[in-house]
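A.B. asks: model the following, please.
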Amino acid sequence: MPHRSRLRRTALPAGLLALCLSSPATAVDFTLGDTQASVYGFAKLDLIYDTDNDLGDLAARPKILIDGQQGSDDHFRAHAYQSRLGFKTQTPVDGSSLTTRIEVDWMQNPPEGGELRLRHAYGSWNGVLAGKTWTNFGSRLSRTPIIDFAPSPGQSKSGRKAQLRYSAGGFHAALENPDPDDFRDGVASAFNPARGVYRVDDNARQSMPDLTLRYQTAGDRLAYSAAAMGRRLSVDGDVDDSALGWGVSAATRFKASEMLTLRGALTYGDGIGEYLQNNPSAPAFVNGNSVDTVSAWGANLGASLAAGPGAINLGYGISRADLDDIRDAGLPGAESANKQFEAVHLNYIWSPATRVAYGVEAGYHTREVADGRDGDALRLQGMVKYAF
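C.D. replies: Numbers count the residues shown, from 1 in each chain. Predicted coordinates for the structure are as follows:
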């Protein structure tokens, strides 16, 4: 979008500000030769109270205590790690616009933050994007605004990957970084009995990029997307094998009225891993002398209702993995492996003035493991956000 002034002061409707909680709503704009540039960001304070066990700087669902586990209740913390700083440019090059973006925050290594983290670093020209940004498989259409930094489970991945992407109209195709460090994703060889998370096999390797395809379009009231992904999951060592993983996802956003917006998504795959947001299990596991994939599915629903100077947001999400083959294979810790995550968020986010947003939220989270035990946790959260 072209910038027409050195300092732009944008007054957004409060409902729109709530729906765009994680997006830059304002910026300081200036010109450098032929380049139009923007510096944007915000300072955000999160105030968090866990009535049950401590879930961290964001709601880390594997930390939920389940039957038979001991821990303490009643935890408070405050942090400003989600504060953000970004820089964007737009330059005319051979009749087209060359755009770049670099953005950082301090949420390195969630669920505990405090270190500088690169969120976005990419350039785009003539439909070709190169760098790190949102995974092409992901769609933000179904993402109901929440205050907690942890996205609702069940949707396509709300995360960023290094990639080479080509876009034409509403079609987008990308080759993405397969490194499990991006999504903490890989072939499993064991599970942590306390938290239910898996350990990546020491000999897991990445031999080719992930392929993602997406079509997305929007009208006056309805927007929707459909996406697919494929990947190769390999182990090289005593076990030398690989398997193909895949996934599909559909998401929609519908403006039912001037006051009410509805959202929803369905995601499924075999070997999909963390391309499904908050997948409780691994994309694949070592089964004797072979690599076997793990199927999983997810869904989420949400609604935003304009009210006063802001919006009331209600969202639900679920992600669930099929662990029968893992249990039959007898992997260490398999009976305590995470099988399902659920979350319900209810909040009110409002703006008393341009560049200022407040919010209060209640989040209810559950965790179920392979042997049927489960647990829940209630998180209360508030935020103060000042943007520029």
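
A.B. asks: render the CA-only coordinates of whichever strand or helix holds Ile312 in CSV, please.
C.D. replies: Applying DSSP states H and E as the criterion places Ile312 in strand 310-321. Provided in CSV are the C-alpha atoms of strand 310-321 (Å, rounded to 0.1, in the frame of the first residue of the first chain):
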residue,chain,number,x,y,z
GLY,A,310,-14.3,-2.8,20.9
ALA,A,311,-15.4,-6.4,20.3
ILE,A,312,-16.3,-9.5,22.3
ASN,A,313,-14.4,-12.6,20.9
LEU,A,314,-15.3,-16.2,21.5
GLY,A,315,-13.2,-19.0,20.1
TYR,A,316,-12.9,-22.8,20.4
GLY,A,317,-10.3,-25.1,19.0
ILE,A,318,-9.4,-28.8,19.1
SER,A,319,-6.5,-30.8,17.8
ARG,A,320,-6.3,-34.6,18.0
ALA,A,321,-3.8,-37.3,16.9
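
A.B. asks: quick one: average pLDDT of the following helix or strand past that strand?
C.D. replies: Next along the chain after strand 310-321, taking DSSP H and E as the criterion, comes helix 324-329. Averaging pLDDT along helix 324-329 yields 96.

A.B. asks: got a list of contacts for helix 324-329?
C.D. replies: 188, 281, 285, 287-288, 292, 294, 334-335, 337, 370 (Cβ atoms under 8 Å, 6 or more residues apart in numbering). (Glycine included, C-beta is placed from N, CA and C.)

A.B. asks: same check, this time on stretch 153-161
C.D. replies: 61, 119-120, 132-135, 137-140, 142-143, 151, 176-177, 182-183, 210, 227, 249, 251, 265, 267, 274-278, 298-300, 317-319, 341-343.

A.B. asks: let's see that with 7 Å instead.
C.D. replies: 119-120, 132-135, 137-140, 142-143, 151, 176-177, 182-183, 227, 249, 251, 265, 267, 274-278, 298-300, 317-319, 341-343 (Cβ atoms under 7 Å, 6 or more residues apart in numbering).

A.B. asks: same check, this time on stretch 372-388
C.D. replies: Residues outside stretch 372-388 that contact it (Cβ under 7 Å, 6+ apart): 25-26, 28, 40-53, 55, 59, 64-68, 147-148, 355-368.

A.B. asks: tell me the buried residues within those.
C.D. replies: For the contacts of stretch 372-388, a burial check counting by 16 or more other Cβ atoms under 10 Å picks out 25-26, 40-42, 44, 46, 48, 50, 52-53, 55, 59, 64-66, 147-148, 355, 357-359, 361, 363, 365-368.

A.B. asks: give me the subset of those residues that lies in strands.
C.D. replies: Judged by DSSP state E, these include 40-42, 44, 46, 48, 50, 357-359, 361, 363, 365-368 as members of strands.

A.B. asks: ok so, going back, can you select the buried ones from the contacts of helix 324-329 in ChimeraX?
C.D. replies: A single ChimeraX command selects the buried members of those (16+ other Cβ under 10 Å):
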select :188,281,285,287,292,294,334,335,337,370
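
A.B. asks: Trp350: which of the contacts of helix 324-329 is nearest?
C.D. replies: Nearest to Trp350 among these is Ser281, at 37.9 Å by Cβ to Cβ.

A.B. asks: report the secondary structure state of that closest one.
C.D. replies: Put simply, Ser281 is coil when judged by DSSP: H, G, I helix; E, B strand; the rest coil.

A.B. asks: chain neighbours aside, what residue packs nearest to it?
C.D. replies: Nearest residue to Ser281, sequence neighbours excluded (Cβ to Cβ, 6 or more residues apart in numbering): Ala321, at 3.7 Å.

A.B. asks: list the contacts of Ile102.
C.D. replies: 86-87, 120-121.

A.B. asks: and it, what element?
C.D. replies: Using DSSP H and E, Ile102 maps to strand 96-105.

A.B. asks: just the buried positions in that strand, please.
C.D. replies: Residues of strand 96-105 classed as buried by neighbour count (16+ other Cβ under 10 Å): 98-105.

A.B. asks: can I get those in CSV with distance to Pro92?
C.D. replies: Below are the buried residues of strand 96-105 laid out as CSV (distance: Cβ to Cβ, whole Å):
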residue, distance to Pro92
Leu98, 8
Thr99, 11
Thr100, 13
Arg101, 17
Ile102, 20
Glu103, 23
Val104, 27
Asp105, 30
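
A.B. asks: can you redo those residues as a markdown table with pLDDT?
C.D. replies: Converted to a markdown table, the buried residues of strand 96-105 look like this (pLDDT from 0 to 100):
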| residue | pLDDT |
| --- | --- |
| Leu98 | 97 |
| Thr99 | 97 |
| Thr100 | 98 |
| Arg101 | 98 |
| Ile102 | 98 |
| Glu103 | 97 |
| Val104 | 96 |
| Asp105 | 94 |
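
A.B. asks: which one of the residues you listed sits closest to His75?
C.D. replies: Closest approach between these and His75, by Cβ to Cβ: Asp105, at 23.0 Å.

A.B. asks: hang on, the closest one packs against Gly86?
C.D. replies: No - using Cβ atoms under 7 Å, Asp105 is not in contact with Gly86; the gap is 9.2 Å.

A.B. asks: nearest spatial neighbour of Arg367, chain-adjacent residues omitted?
C.D. replies: With sequence-adjacent residues excluded and distances taken as Cβ to Cβ, 6+ apart, Arg367 is closest to Ile64, at 4.1 Å.

A.B. asks: and the pLDDT for the one you found?
C.D. replies: 97.

A.B. asks: OK, contacts around it?
C.D. replies: Contact analysis of Ile64 by Cβ under 7 Å, 6+ apart lists 53, 365-367, 375-377.
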